[in-house]
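K.L.:
Turn this into a model:
(chains A and B)
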Amino acid sequence: MNIHEYQGKELFQSYGIDVGPQYLATTPAEARAAYDKLGGTVVVKAQVLVGGRGKAGGVKVAKSADETEQRASEILGLDIKGLTVEKVLIVPASDIKREFYVGLTMDRFNKYLVLMMSAEGGVEIEQLAVDKPEAIKKFPIYPAKGIDWDALNPVLKEVFGADEHVKSAADHIEKLFKIYMEKDCTLVEINPFAIVDDGKLMALDAKVNFDDNGLFKHADIEEMRNPEENSQDELDAKEAGLSFVSMDGNIGCIVNGAGLAMATMDIIKLFGGEPANFLDVGGSSNPNKMVSAIKIILNNPKVDAILINIFGGITRCDDIANGLLMAMEQVKIEVPLVIRLIGTNDEEGRAILEKAGLSASTDLNEAVKNVVASIK
Amino acid sequence: MSILIDENTNVIVQGITGRDGSFHARTMIGDGTKIVAGVTPGKGGQKMDDVPVYNSVKEAQAEHKVDVTVIFVPPKFANAAVIEAADAGVPLIICITEGVPVNEMLDTYHYVRSKGLRMIGPNCPGVISPGKSKIGIMPLKIHKPGRIGVISRSGTLTYEVVHALTTNGMGQSTCVGIGGDPIVGSSFIDLLDLFNKDPDTDAVMMIGEIGGEDEEAAADFIAKNMTKPVAGFISGRTAPPGKRMGHAGAIISGGKGTPEAKVKALEDAGVKVANTPSEIPGILKEKLGL
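P.N.:
Here you go, the predicted structure:
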């Protein structure tokens, strides 16, 4: 799960990291009111759950109440990579002397947390990683052992230079690690981590991602969830216990298992079709999941045909067949429907479908070819 | 022979009185697996059908020889269950549970390794040596004893591949679902190494997916060490890249983890990568000169 910058900064603040004053605004008038509190020069920053907002015109400087209101009205409603900006953050503009980068995430291959630091922070950090990887220092942390400060201190010295900055960076890093572990994060990042006006290091941005599997422990984090992170279909699917991701094509897919669902999409594409979605009904035998799945698929007006691909394991094909018939009583399926059933209780499932005048194939390639042909 | 498990493997089930644990314990028993005991804290002294239930892994061990434990406990308790099994020194710990918090699993991973034990999973279908033993949730009937080793990060996709092998007359020595989580106990390399040394495995099928670098590392291992043919399949070739928030992910992966990178790494290592599961038997037959 992702959160906005302002939410990340609030989290940082609760751990004693200084992020300075900040005001959230959802209207130009609120932005104006924020300026009246701050005065001087401010930055109006789009709060949107994707990167690259600066380059998309989502971050602007303002020097008066009028200008703040004007900038906010330009940024609110802006489309950044498909997401509409609904909130802006107003913060005092800092006189940035120097930009650093610090980030903590998991290195799944090496099986440790990796602390990344660079003396060349800022918006070009990803490009830096490609062009000049040696400019980003990586330091391993094994959670059970904690941070090895004797080993880290020389690296901090190399990146941050002056003793006061090394000390401040160490303090920030200790807190970031604490947040990472206590809140089941998958990423905490400060970029830019900047030396400002009075010479101190400050977090001018905050990016925090959480492990969905850890959210059950953190009601406070769950409360920060932003509905716009997922489409309405995705939220409906989550509610129904389904895993769903929208795509751009026109063949709706219902599959059991994530790997098979991805492979089914790949094969649709291989045979010249375009999948409309990824949908994993999971391993349950609850027929209601099928009803929800069909409804969510048919919500998408782009869907011209539906492919159901079930390889029964824990999932029983007769449950799937019953669920499908239940769904068809509740919603009319007016597009071609191709079904592939195999595995646990597939003969029973096929018999149930045949009674209702439906047929199901056993072969995946054949089913995919049929669904692609049905819309041509 | 086979790898990891065979007809003499004694198995305990952690979480045997739960909904999933009891269902799959019964199914495994019906499929011929030697389930000697179950563990559920607080339910020691009870029985699940004919299987004695103990309060802890150590209590079960006092009465039975335990080769493998298979874990069905809810995500909240899964790490503790693995640690308990590791403290008891169970040589092979198979964690089926899906949804385990990853930062906890990172510590658990190192803990299990530090004891010299082996973990498979979490979030995996388990291990089967067809005709000998099944420890997990896969449907028995699609399998057939034979000489192909299967390693997979997926669940149902593995069934699809195994089904294609079986219907084309190619049985399996052992099939291992290593799990789909960012941190899993055993990697492709760990299992490739075992299959390479197994006299009853002639070729290996590996099923990967987008994300991580395990397939790339496996390709490197294959090029340097494998004496047996390997075929591959990578799912997620059309999956949209996730909406990424921070930069850290891109920095750490450095272009690795994409399906293109995985397919290329494998093909450079001499692994033929199938476009569909149905192509796999043909590829393996060609590699084996059948």
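
K.L.:
going forward, measure contacts and count neighbours with C-alpha atoms only.
P.N.:
Fine.

K.L.:
now the strands: where do they sit in the stretch 51-200 of chain A?
P.N.:
For the stretch 51-200 of chain A, strands defined by DSSP state E, counting those that start in this stretch occupy the ranges A:59-62, A:79-80, A:83-84, A:87-92, A:98-107, A:112-118, A:136-141, A:185-195.

K.L.:
Can I get the ones you listed in JSON lines including distance to residue A:223 and mean pLDDT?
P.N.:
Listed next are the strands of the stretch 51-200 of chain A as JSON lines, based on distance: least, CA to CA, whole Å; pLDDT from 0 to 100:
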{"stretch": "strand A:59-62", "distance to residue A:223": "26", "mean pLDDT": "96"}
{"stretch": "strand A:79-80", "distance to residue A:223": "24", "mean pLDDT": "90"}
{"stretch": "strand A:83-84", "distance to residue A:223": "21", "mean pLDDT": "88"}
{"stretch": "strand A:87-92", "distance to residue A:223": "17", "mean pLDDT": "97"}
{"stretch": "strand A:98-107", "distance to residue A:223": "23", "mean pLDDT": "95"}
{"stretch": "strand A:112-118", "distance to residue A:223": "26", "mean pLDDT": "97"}
{"stretch": "strand A:136-141", "distance to residue A:223": "29", "mean pLDDT": "96"}
{"stretch": "strand A:185-195", "distance to residue A:223": "15", "mean pLDDT": "95"}
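
K.L.:
Can you lay out these as TSV showing distance to chain B?
P.N.:
Formatted as TSV, the strands of the stretch 51-200 of chain A follow (distance: least, CA to the nearest CA, whole Å):
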stretch	distance to chain B
strand A:59-62	16
strand A:79-80	12
strand A:83-84	11
strand A:87-92	17
strand A:98-107	6
strand A:112-118	7
strand A:136-141	9
strand A:185-195	7
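
K.L.:
can you pull out the helices in the stretch 251-376 of chain A?
P.N.:
Applying DSSP state H, counting those that start in this stretch to the stretch 251-376 of chain A gives helices spanning A:258-270, A:287-299, A:317-330, A:346-355, A:364-374.

K.L.:
Which elements pack onto the first one?
P.N.:
What it means is helix A:258-270. With contacts taken as 3 or more CA pairs under 8 Å, 6 or more residues apart in numbering or on different chains; DSSP states H and E, helix A:258-270 sits against strand A:251-255, strand A:277-280, helix A:364-374, helix B:156-167, strand B:230-235.

K.L.:
Averaged pLDDT, that helix. What do you get?
P.N.:
Across helix A:258-270, pLDDT averages out at 93.

K.L.:
Could you do the shortest one as well?
P.N.:
Helix A:346-355 comes out with an average pLDDT of 94.

K.L.:
Helix or strand with the lowest mean pLDDT in the chain?
P.N.:
All of this is about chain A. Each helix and strand of chain A was given a mean pLDDT (mean pLDDT, DSSP states H and E); the minimum falls on helix A:232-239 at a mean of 81.

K.L.:
should've been chain B
P.N.:
In chain B, no helix or strand scores lower on mean pLDDT, DSSP H and E than helix B:248-253, which sits at a mean of 55.

K.L.:
Quick check: buried residues in whichever helix or strand comes after that one?
P.N.:
Sequence order places helix B:259-268 as the next helix or strand after helix B:248-253, per DSSP states H and E. Residues B:259, B:261, B:262, B:263, B:264, B:265, B:266, B:267 are the ones in helix B:259-268 that count as buried (16 or more other CA atoms under 10 Å in any protein chain shown).

K.L.:
now swap in stretch A:229-238 and tell me
P.N.:
A:229, A:233, A:234, A:235, A:236, A:237.

K.L.:
Show me which of those is closest to chain B.
P.N.:
Proximity of the buried residues of stretch A:229-238 to chain B (CA to the nearest CA) peaks at residue A:229, which lies at 9.1 Å.

K.L.:
hang on, the closest one packs against residue A:2?
P.N.:
Yes: counting by CA atoms under 8 Å, residue A:229 touches residue A:2, with 7.5 Å between them.

K.L.:
any common contacting residues for the two?
P.N.:
Common contacts of residue A:229 and residue A:2 (CA atoms under 8 Å, 6 or more residues apart in numbering or on different chains): residue A:49.

K.L.:
Tell me the pLDDT of residue A:284.
P.N.:
The model reports residue A:284 with a pLDDT of 64.

K.L.:
Helices along the stretch 101-250 of chain B, start to end?
P.N.:
B:102-114, B:156-167, B:188-197, B:214-225, B:248-253.

K.L.:
returning to what we had before: using TSV, lay out the buried residues of stretch A:229-238 together with distance to chain B.
P.N.:
Shown next, in TSV, are those (distance: CA to the nearest CA, whole Å):
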residue	distance to chain B
A:229	9
A:233	16
A:234	14
A:235	16
A:236	19
A:237	17
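
K.L.:
nearest residue to the closest residue to chain A within the stretch 51-200 of chain B other than its sequence neighbours?
P.N.:
Relative to chain A, the nearest point of the stretch 51-200 of chain B is residue B:157 (4.4 Å; CA to the nearest CA). Among residues not flanking residue B:157 along the chain, residue A:260 sits closest, at 4.4 Å (CA to CA, 6 or more residues apart in numbering or on different chains).

K.L.:
Make sure I have this right: residue B:25 is in a helix.
P.N.:
Yes: under DSSP: H, G, I helix; E, B strand; the rest coil, residue B:25 falls within a helix.

K.L.:
how about it, what does it touch?
P.N.:
Contacts of residue B:25 by CA under 8 Å, 6+ apart are B:13, B:16, B:35.

K.L.:
hmm, 7 Å instead?
P.N.:
Applying CA atoms under 7 Å, 6 or more residues apart in numbering or on different chains to residue B:25 gives the contacts residue B:16.

K.L.:
Help me confirm that residue A:372 comes into contact with residue A:273.
P.N.:
Yes: here residue A:372 reaches residue A:273: they are 5.5 Å apart, a contact under CA atoms under 7 Å.

K.L.:
Same drill for those two, tell me which one is more crowded.
P.N.:
More crowded of residue A:372 and residue A:273, by other CA atoms under 10 Å in any protein chain shown: residue A:372, with 24 against 21.

K.L.:
Tabulate the helices and strands packed on helix A:258-270 (CSV), appending mean pLDDT.
P.N.:
Formatted as CSV, the helices and strands packed on helix A:258-270 follow (pLDDT from 0 to 100):
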stretch, mean pLDDT
strand A:251-255, 96
strand A:277-280, 90
helix A:364-374, 96
helix B:156-167, 95
strand B:230-235, 95
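
K.L.:
For chain B, which residues score under the pLDDT cut-off?
P.N.:
B:240-256 (pLDDT under 70).

K.L.:
repeat that for 80
P.N.:
Scanning chain B for pLDDT under 80 picks out the ranges B:1, B:239-257.

K.L.:
before we move on, back to that, how far is the least confident helix or strand of chain A from where the chain is centred?
P.N.:
14 Å (CA atoms, centre = their mean, to the nearest Å).

K.L.:
And stretch B:194-202, by the same measure?
P.N.:
A distance of 16 Å separates the centroid of the chain from that of stretch B:194-202, by CA atoms, centre = their mean.

K.L.:
and the end-to-end length of it?
P.N.:
End-to-end distance for stretch B:194-202: 12 Å, by CA to CA, to the nearest Å.

K.L.:
Of all the residues in that stretch, which ones are buried?
P.N.:
For stretch B:194-202, a neighbour-count test (16+ other CA under 10 Å) marks B:195, B:196, B:198, B:200, B:201, B:202 as buried.

K.L.:
do stretch A:358-367 as well
P.N.:
For stretch A:358-367, the buried set under the neighbour-count rule, 16+ other CA under 10 Å, comprises A:359, A:360, A:361, A:362, A:364, A:365, A:367.

K.L.:
Identify the farthest-apart pair in those.
P.N.:
A:359 and A:365 (15.8 Å; CA to CA).

K.L.:
quick one: residue B:1 and chain A, what's the gap?
P.N.:
Residue B:1 sits 26 Å away from chain A, going by CA to the nearest CA, to the nearest Å.

K.L.:
Give me the phi and psi for the nearest residue to that residue once chain neighbours are set aside.
P.N.:
With CA to CA, 6+ apart as the measure, residue B:200 is the residue that lies nearest to residue B:1, at 5.5 Å, once sequence neighbours are left out. Residue B:200 adopts backbone torsions of phi -100, psi 10, taken as degrees, to the nearest 10.
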